[in-house]
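K.L.:
Give me the fold of what follows.
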Amino acid sequence: FLGQNVKGYEKKGKKSKPSSSEEYILQHIGQVLAMSSPKKVFIIGAGPSGLVALKEMLEAGLDVICVEAKPQIGGLFSVSYEELYTTTTNMFLAFSDFPPKGNLKYWSKDEYLQYLGEYVDHFGLRKYIKLNTAVKKCVLDEHTGKWKILTKAWQSRRGEMRRGSISFRGDVEPAPVKSRRSSTVFRIKAAPGYTYNADFLIVASGTNQVPRVPDLPNCSAEIVHSADFTNAESLCK
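P.N.:
Just a heads-up that it's a prediction; the model follows:
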């Protein structure tokens, strides 16, 4: 009925004026469409938890963006020390909807990162991930119930991201952004001074972001936190 009447507005080059009842119907349809638009979800962190959250939210039909301060996905695994091996086998570490290939084994860091990359490509997640982007501030608007999120282009120094992507240490030259693959819907009507608006916020940046170094006054040896450890060669010089 509605489609016929909408088409009926134009007959042989002449536009007919909709009746008051038709105007009401069109206005009501517009309100319903606005209410049925997908909720916006903002995810901080593209490590294992953030990637799974991204995939699940997309499957639920939501409008999602995931930002990652590091230049690649994988969370702390992407910047961990060189000879890292997982302490859980691939069969238990893999996601249930994307089983690992090959035999039972303990993955190296590189093998696990390769698995995560294959997971991202299999479910088509890359276009929803914005790398080299750190979150500077998140504020929940008590009036609208929505999140206002401020992001910042981020270029990490070697080892820095292992010391906390949410901890800003001085001014850093912005990373060049070649393309903005993030959803343009998020940027519409964003609060002044903020980058994104979102209905829901998922924090998947990890629980161990900022290293804690103990105070050992009687220790004369060099104290190296695991966040700063890259390989044994650096300590054997």
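K.L.:
contact partners of stretch 52-64?
P.N.:
37-43, 46, 66, 95, 119, 123, 125, 128-129, 183, 185-186, 202, 204 (CB atoms under 8 Å, 6 or more residues apart in numbering). Just so you know, the C-beta spots here come from the backbone N, C-alpha and C atoms, and that holds for glycine as well.
K.L.:
mind running it again at 7 Å?
P.N.:
For stretch 52-64, the surrounding residues in contact (CB atoms under 7 Å, 6 or more residues apart in numbering) are 38-41, 43, 66, 95, 123, 125, 128, 183, 185, 202, 204.
K.L.:
Report the rounded mean pLDDT for it.
P.N.:
Averaged across stretch 52-64, pLDDT comes to 95.
K.L.:
What backbone torsions are found at residue 128?
P.N.:
phi -100, psi 0 (degrees, to the nearest 10).
K.L.:
could we number from 56 for the rest of this?
P.N.:
Right, with 56 as the first residue, what we last looked at is residue 183.
K.L.:
show me what contacts it?
P.N.:
Residue 183 touches 109, 113, 119, 120, 121, counting by CB under 7 Å, 6+ apart.
K.L.:
Among these, name the ones in strands.
P.N.:
Per DSSP state E, strands hold the following members of the contacts of residue 183: 119, 120, 121.
K.L.:
Weed out the non-buried ones from those residues.
P.N.:
119, 120, 121 (16 or more other CB atoms under 10 Å).
K.L.:
Which parts of the protein are helices?
P.N.:
In the chain, the helices defined using DSSP state H lie at 57-62, 75-90, 103-114, 145-148, 164-177, 239-242.
K.L.:
what are the bridge partners for residue 120, then?
P.N.:
Applying DSSP bridges to residue 120 gives these bridge partners: residue 97.
K.L.:
From residue 203, how far out is it?
P.N.:
Per CB to CB, to the nearest Å, residue 120 is found 14 Å from residue 203.
K.L.:
Show me which helix or strand of this protein is least confident by mean pLDDT.
P.N.:
The weakest-scoring helix or strand in the chain, judged by mean pLDDT, DSSP states H and E, is helix 57-62 (a mean of 37).
K.L.:
my guess is residue 125 meets residue 131, correct?
P.N.:
No - judged on CB atoms under 7 Å, residue 125 makes no contact with residue 131 at a distance of 9.1 Å.
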